[in-house]
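[1] Sequence first, then the predicted structure:
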Amino acid sequence: MNDNDGIAIPPFRQTLDDHDIELVRGRTTTLQINVGLLCNQTCLHCHLEAGPGRREIMDLDTMEAVIDYAGRCDFDIIDITGGAPEMNPHITRLVEGVASLAARVIFRCNLTSIAGGGREGLLELLRSNGIAIIASLPALNAKQTDSQRGEHVFEKSLEAIERLNRLGYGEPGTGLELDIVSNPAGAFLPPAQKEMEERFREVMQRKWGLHFSNLFNFANVPLGRFRRWLEKRGALDSYYGKLVSGFNPCATDGVMCRTLVTVDWDGYLYDCDFNIAVGLHMGGERVHVSEMAGPPEPGSPIATADHCYTCTAGVGFT
Ligand code: SF4
């Protein structure tokens, strides 16, 4: 047992050892780029504590270093995230720079920001390059969504999806992917993804005539703002208890850190976006993207901590 800020849970590393699991990299196929913590929302579950007051954003020099790195590698997927990446003033340069460097490019955005005024040029850039959009919509009602993401977010999110649908996003046959991310509004794990996707699809079509491509159902990671929210309610121990008791050894095969590397706004590398929240650099080493000749080598170590239980509970977080 260890002491994780007062929580007695078996260390994640120990659990891996007990199951004879070696968590190391395979072939790194995905470059995730976090362009900064600036966001127009202050969502309760945000492990990076992004928000309107954050000043940590990727500058142009770092962006060029990231584009060069992507050009030196042969990633299958490039995944742009934040904060709200659309709020980074240099975002179009990044999108233009990486659009042709991977078969699949993903833009994770905040619906209320991407569809607000002044984003027409960026939306056209995404559309014309066939870049997939992944956006959060935690629930099918205003009460639950707004309590997690802020006042009027639900209403504005539906308007945004309508606008994206009009551009062809999420519409069958266009090849323009619009994926929805749903996450629980409280201290519990998400329900089964398939059923959730079917329900979202049926309700969104019937009530509002809206469409999307896929739904991903993610558990909240007990870090950052969500961790504090749990602590305030005295629910951190029980939440960790659910994650630990849901540990599924098979889920460790598919955790994203085996195939993904994340570059943070300052150009330093991590095994995933969650590790950014606790300053846990890639494999435990502080390496800048400009120092990397290529993708991390297969077999290289992955830095883990107890929040990794989020990725291995139930079917996992891949
Ligand atoms: S939190 Fe990150 S490092 Fe840990 S298992 Fe999940 S993806 Fe891997």
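    Looks like it arrived, so ask away.
[2] Going by C-alpha atoms from here, please, whenever you check contacts or count neighbours.
    Noted.
[3] Now do the same for whichever residue of the chain sits closest to the ligand: helix, strand or coil?
    Nearest residue of the chain to the ligand (CA to the nearest ligand atom) works out as residue 308 at 3.7 Å. Secondary structure state of residue 308, per DSSP: H, G, I helix; E, B strand; the rest coil, is helix.
[4] Also residue 8?
    Reduced to three states by three-state DSSP, residue 8 is strand.
[5] Could you measure from it over to residue 237?
    Separation of residue 8 from residue 237 (CA to CA, to the nearest Å) stands at 8 Å.
[6] same check, this time on residue 280
    Taking CA to CA, one finds residue 280 at 22 Å from residue 237.
[7] burial of residue 263, as a residue count?
    Residues lying near residue 263 (other CA atoms under 10 Å) number 26.
[8] Beta-bridge partners for it, please?
    residue 33, residue 269 (DSSP bridges).
[9] For it, give me its contacts.
    31-34, 66, 269-270, 289 (CA atoms under 8 Å, 6 or more residues apart in numbering).
[10] rerun that using 7 Å as the cut-off
    Neighbouring residues of residue 263 by CA atoms under 7 Å, 6 or more residues apart in numbering: 32-34, 269-270.
[11] Can you check the pLDDT for it?
    The model reports residue 263 with a pLDDT of 98.
[12] Please identify the buried residues of stretch 46-57?
    By neighbour count with 16 or more other CA atoms under 10 Å, stretch 46-57 contains the buried residues 46-51, 56-57.
[13] An error on my part: the question was meant for stretch 108-122.
    Applying 16+ other CA under 10 Å to stretch 108-122 flags 108-115, 122 as buried.
[14] and the two most separated of these?
    112 and 122 (14.4 Å; CA to CA).
[15] got the contact list for the residue of the chain closest to the ligand?
    Contacts of residue 308 (CA under 7 Å, 6+ apart): residue 12.
[16] re the thing from before, least confident of the buried residues of stretch 108-122?
    Looking at these by pLDDT, the weakest one is residue 115, with 77.
[17] just checking, that one touches residue 160?
    Yes - with contact defined as CA atoms under 7 Å, residue 115 counts as touching residue 160 (5.1 Å).
[18] among the buried residues of stretch 46-57, which are in helices?
    With DSSP state H as the criterion, helices contain none of the buried residues of stretch 46-57.
[19] Switch those residues over to JSON lines; also include pLDDT and distance to residue 206.
    Listed next are the buried residues of stretch 46-57 as JSON lines, based on pLDDT from 0 to 100; distance: CA to CA, whole Å:
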{"residue": "46", "pLDDT": "93", "distance to residue 206": "30"}
{"residue": "47", "pLDDT": "94", "distance to residue 206": "33"}
{"residue": "48", "pLDDT": "95", "distance to residue 206": "35"}
{"residue": "49", "pLDDT": "95", "distance to residue 206": "35"}
{"residue": "50", "pLDDT": "95", "distance to residue 206": "33"}
{"residue": "51", "pLDDT": "96", "distance to residue 206": "33"}
{"residue": "56", "pLDDT": "97", "distance to residue 206": "41"}
{"residue": "57", "pLDDT": "97", "distance to residue 206": "39"}
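[20] Which ones among the residues you listed lie within strands?
    In strands, defined here by DSSP state E, there are no members of the buried residues of stretch 46-57.
[21] Please say which of residue 8 and residue 237 ends up with more neighbours.
    residue 237 (16 against 13).
[22] Just the buried residues of the helix or strand containing that one, please?
    Using DSSP states H and E, residue 237 falls within helix 236-245. The neighbour-count check on helix 236-245 (16+ other CA under 10 Å) flags 236-237, 239-240, 242-244 as buried.
[23] Identify the farthest-apart pair in those residues.
    So, the buried residues of helix 236-245 by CA to CA: farthest apart are 236 and 244, at 12.1 Å.
[24] near the ligand, which residues of the protein show up?
    Within the chain, the positions near the ligand by CA under 6 Å from any ligand atom are 255-257, 271-272, 274-275, 303-304, 307-308, 311.
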